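> Predicted coordinates and the sequence they were generated for:
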Amino acid sequence: MQIILPYTIEVFTAEVQENLKIGIAAACSAGCQCQISKWDVNITGAFEARRRVLVARPPDTRRTTNGIKVDLAIGVPSIEAGGVLVPYLTKDTINQELKKAGVEPITAISRTPEFISAGSGGGDSALSVGVIVGLIIAGIAVVMMLGFGVFYDYLRRNKVAAELASGLKWKKTGATKPAFGQELTDNPELGIALTLKTNFTQEEWVKFGIRKLRYDNFIESGGFYYKPAAEDEVLSPELRVEVREAVEKALAEGQGQDGRMMGGLKDFKSGKFQDAAKGIKSFIGVPKSWLKGKECTIDGIIAEVKRLCNCPDCAAAQASVLADMKRDKEAELTRRLATELSGLLRTQENENPSDENEKPIFWQKKMDVTRSEIEADDGWVYGSNKSTAVSWPDDSVTHARGKYGQPMCPICKELCLDFSTIWADLHYILYEKASNKQCFNGIRDSGHTDMEFADFMKLKEVLEAGLSEAELCALRFYKSHSFGAINTALRKRHQPHPLPATVMCVNDGLKSLRGNDAESDNATAVIEFFRGFTDMQVTQDFKSKGGTEQAPMSTTTDCHVACGYAVRKGQTNGALLMKIVTSNNLQRGADLTFLSMFPGEAETLFPPLTFVQPTGKVEEMDFKNGNTIFKLTIVEVTTTLP
């Protein structure tokens, strides 16, 4: 695993490393309920974390605050212990023990724990020999990895240096000679000029006669050293190297990732400034009779999810499949139900009906009778827990990523409104103990094992933000696999939104969480986030006007992760990497790791209708991809939260 500590390499002394091992060993012992000592914990690498956070301080004292990345290898006594330990090791469980050991808490787990079996021996003596050989190999591996770390840093410095600078902008680095790079000793004219100013025009720069200026070049003048600085570029030289490595790796592997942190510029293209200005209630299109105080409760969320079963078009589709399956009576009753559902929807739109037959209660009673008839005949009713399960034909329920719980109409498919899976996620959140499950995007509820909903309500982050039960429920729901039921309708501007209370609670919960840690340095720090877009280019309309992200916007502070989302298998026409610069908590979303169903994702979520405004800085990078050129556009933006 790999963790990030708020130290520099210089202060990561032998004493700190010793205490770190003690703390990690204690966390492991608590996790697997076995004895892990500091001797079982090996630090296999330590290096500077690349710039992500710039503390808002005066320019002469400004510094990075990311600390160092530390690679750890931990020996465990058995396969069973390793299997238990992997999901247990989270930021919170580790920090509990690090605090006791006198070590600053980790800021992130940058590579999640991974269990690697070392095999088994045939007897006690063989096991002893195996342990000795294993320790020798481990020792050699540690030495080799540390040596490789130094060599890798050397290669990285040379990659940074290979990036050519324009020479139009310079920065004073101080009176200490840089430890790395090549000094310019034969250009006194430049030295004199730098004592007067650090910005030049193209005409002024040409006169110095310097060709192929590199970012690792430096010059001494008047007792101070100067280095080339990036001039109106989105990425620093160091970050540019990281992005290039990440994209090249993704292209070489031939595939990227799918998920919340991937977007398309069309999401912004259709979102206008006025969408953000008018607010979320107007955007989700609820009627005037919709009352936030009544609907934004646990009961309100449950009710709107259950109403997903009241789609007349879905009932008609289900009746058609039942008829094909020769379940004629069920098919006939389900067709009748579809007619009654249509009546219910029609009367709900009429706020002042004069005829009793045009009141919702009339059609609701007819629906209840029809559903009871189907259940009494041991038939299937959409959304009923009394119904007998149906083995639906594959062609009626199969989709690109799996199967729906039942046939659905085209609109509900498009909006990801499969009640069966949505209700399963909601029921798990509210009524079941958190349990670990291996899913395509990580281990479900790693570190939350056996926690009930009431336990999540007692978390310090929840209490500090003052989250309501409905807000916590909605945020946990968004971090489940059912997030598409929220996002798709928002991005397609489907009104009214099928889950309005859930959307409103996600929005309000994210805004409340902005107040957490208000007294810390990070609350007013400049923090950069990244989001990857596949097969997209920056439109002139977006560059000049910006746009509104209509759904909650998932981001990451790790450009490697965002690049993985930007590069997808078979999608190589171009990609967009958005660098989102925020200067305080009121401009950004919230880190939901503490309540997430998949805490390993470690993403920061911005609320829906976040307005994204380009700063005017755009950068392009080209990559050779077989016989074609893959283009990555990097655009810098700021955000305004509604």
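Yep, that arrived.

> was I right about residue 5 contacting residue 106?
Yes. Taking contact to mean Cβ atoms under 8 Å, the distance of 5.7 Å between residue 5 and residue 106 places them in contact. For glycine as for every other residue, the C-beta is placed from the backbone atoms N, C-alpha and C.

> any idea of the mean pLDDT in stretch 333-347?
Throughout stretch 333-347, pLDDT has a mean value of 94.

> What's the local residue count around the closest residue to residue 81 other than its chain neighbours?
Ranked by Cβ to Cβ, 6 or more residues apart in numbering and with sequence neighbours excluded, the top spatial neighbour of residue 81 is residue 32, at 4.1 Å. Residues within reach of residue 32, counting by other Cβ atoms under 10 Å, total 22.

> contacting residues for residue 32?
Contacts for residue 32 (Cβ atoms under 8 Å, 6 or more residues apart in numbering) come out as 76, 81, 82, 84, 85, 88.

> All the helices of the stretch 201-350 of the chain, in order from the start?
If DSSP state H, counting those that start in this stretch is used as the criterion, the helices of the stretch 201-350 of the chain fall at 202-206, 237-253, 266-269, 273-278, 280-284, 292-295, 298-306, 312-324, 328-348.

> in this structure, which helix or strand is least confident?
Ranked by mean pLDDT, DSSP states H and E, the helix or strand of the chain with the weakest confidence is strand 53-54, at a mean of 38.

> got the CA coordinates for the helix or strand just after that strand in CSV?
Tracing the chain C-terminally past strand 53-54 and defining elements by DSSP states H and E, one meets strand 68-74 next. As requested, C-alpha coordinates have been extracted for strand 68-74 and formatted as CSV (Å, rounded to 0.1, in the frame of the first residue of the first chain):
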residue,chain,number,x,y,z
ILE,A,68,5.7,12.5,0.9
LYS,A,69,4.4,9.3,-0.5
VAL,A,70,5.5,6.2,1.5
ASP,A,71,5.3,2.7,0.1
LEU,A,72,4.7,0.0,2.7
ALA,A,73,5.0,-3.8,2.7
ILE,A,74,3.5,-5.7,5.7
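
> Sheet partners, orientation included, of strand 68-74?
Strands adjacent to strand 68-74 in the sheet, as given by DSSP bridges, are strand 2-5 (antiparallel), strand 41-48 (antiparallel).

> Flag the shaky bits of the stretch 501-642 of the chain, pLDDT-wise.
For the stretch 501-642 of the chain, the stretches flagged by pLDDT under 70 are 535-538, 568-574.

> One more: the chain?
Using pLDDT under 70 as the threshold, the predicted model of the chain has low-confidence ranges 10, 48-66, 112, 114-163, 231-232, 254-273, 351-354, 535-538, 568-574.

> domain parsing for it?
According to the domain assignment given by automatic domain parsing, the chain is divided into the following structural domains: 2-117, 170-228, 238-278+512-640, 288-503.

> distance between the ends of the third one?
Think domain 238-278+512-640. Counting by Cα to Cα, to the nearest Å, you get 28 Å between the two ends of domain 238-278+512-640.

> where exactly do the helices run in the stretch 1-150 of the chain?
Assignment of helices within the stretch 1-150 of the chain using DSSP H, counting those that start in this stretch yields the ranges 14-32, 79-88, 91-100, 124-162.

> Report the inter-axis angle for the second one versus helix 91-100.
Between the axis of helix 79-88 and that of helix 91-100 there is an angle of 100 degrees, by axes from the mean of the first three to the mean of the last three Cα atoms, to 10 degrees.

> And helix 79-88, what does it pack against?
Contacts defined by 3 or more Cβ pairs under 8 Å, 6 or more residues apart in numbering; DSSP states H and E place helix 79-88 against helix 14-32.

> List the beta-bridge partners for residue 226.
According to DSSP bridges, the partner residues bridging residue 226 are residue 172, residue 219.

> That one: neighbouring residues, count only.
For residue 226, the number of neighbouring residues by other Cβ under 10 Å comes to 24.

> same deal with residue 2?
Residue 2: 15 surrounding residues under other Cβ under 10 Å.

> Tell me how far the closest residue to it other than its chain neighbours lies from residue 457.
Of all residues beyond its chain neighbours, the one nearest residue 2 is residue 111 (3.7 Å), with distances taken as Cβ to Cβ, 6+ apart. Relative to residue 457, residue 111 is positioned 31 Å away (Cβ to Cβ, to the nearest Å).

> Same question for residue 413.
Here the distance between residue 413 and residue 457 works out to 35 Å (Cβ to Cβ).

> do residue 92 as well
16 Å.
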